[in-house]
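Q: When you get a sec, could you give me coordinates for this:
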Amino acid sequence: MARKAVAAQRKIRVLVAKPGLDGHDRGVLVLARALRDAGMEVIYSGLLPSPEKVAQMAVDEDVDVVALSLLNGAHMTAFPKVKRLLVKAGGGDVIVVGGGIIPEEDKPKLVKMGITGLFGPGSSLDEIVEHVRTRVRKERWGVRAHA
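A: Numbers count the residues shown, from 1 in each chain. From the prediction side, this is the model:
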C-alpha cells in the first residue's frame, strides 16, 4: 500500500532523446510537450546526442523512461545500443520506448529486446502517454495500470 501512495505522488521522469545523426526534432518536441502536459517531468537531450550520452543522462537524471525517436532508419543500431549502455551504466531497470520510421518486420526484434511503443508518424499522443504511464506503473512502481 505504501508503494502505491508514493507512486501516486511521484511524477514519471522521462528522458526524450534523438540519438545519432537525426536532426528532425519537431515530432520529439511535440511528444515532450504532451508528456509534460500529462504531468510527467521531461528532460530533453537536445539534438544529436551519442547513445553513450543518452544512457549516461538517463542514469544521472534518474529517469523512469527513455523515449527514443529516430526517422533516419538507424533504429536497429541506435535503440539496442542505448539499451545495452543503460544496463552497463547501472540503468538496466529504465524503461525504453521508441518511435519513428520503424518497419513492421523490425518491431518484434525491438520488443524482444525490451524496447516497446514503437510509435510511428500519426500515432496518437494520448496512446503514447498511456503506454508510458502503464509501463512505469507496472514495471517501475509495481502498481496495476488502473489502480
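Q: in this protein, which spans are strands?
A: 13-18, 41-47, 65-70, 95-100, 115-119 (DSSP state E).
Q: buried set for the lengthiest helix in the chain?
A: When the chain is parsed with DSSP state H, its longest helix is helix 75-88. Neighbour-count burial for helix 75-88 flags 75, 78-83, 85-86 (criterion: 16 or more other C-beta atoms under 10 Å). Any C-beta I mention is one placed from the backbone N, CA and C, and that applies to glycine too.
Q: For it, report the contacting residues that lie outside it.
A: Helix 75-88 has contacts (C-beta atoms under 8 Å, 6 or more residues apart in numbering) with 17, 19-20, 51-52, 54-56, 58-59, 66, 68, 70, 92, 94, 96, 98, 100-102, 106, 109-110, 113-115.
Q: I'd like to know which of the residues you listed are buried.
A: Buried members of those, scored by 16+ other C-beta under 10 Å, are 17, 19-20, 51, 54-56, 58-59, 66, 68, 70, 94, 96, 98, 100, 102, 110, 114-115.
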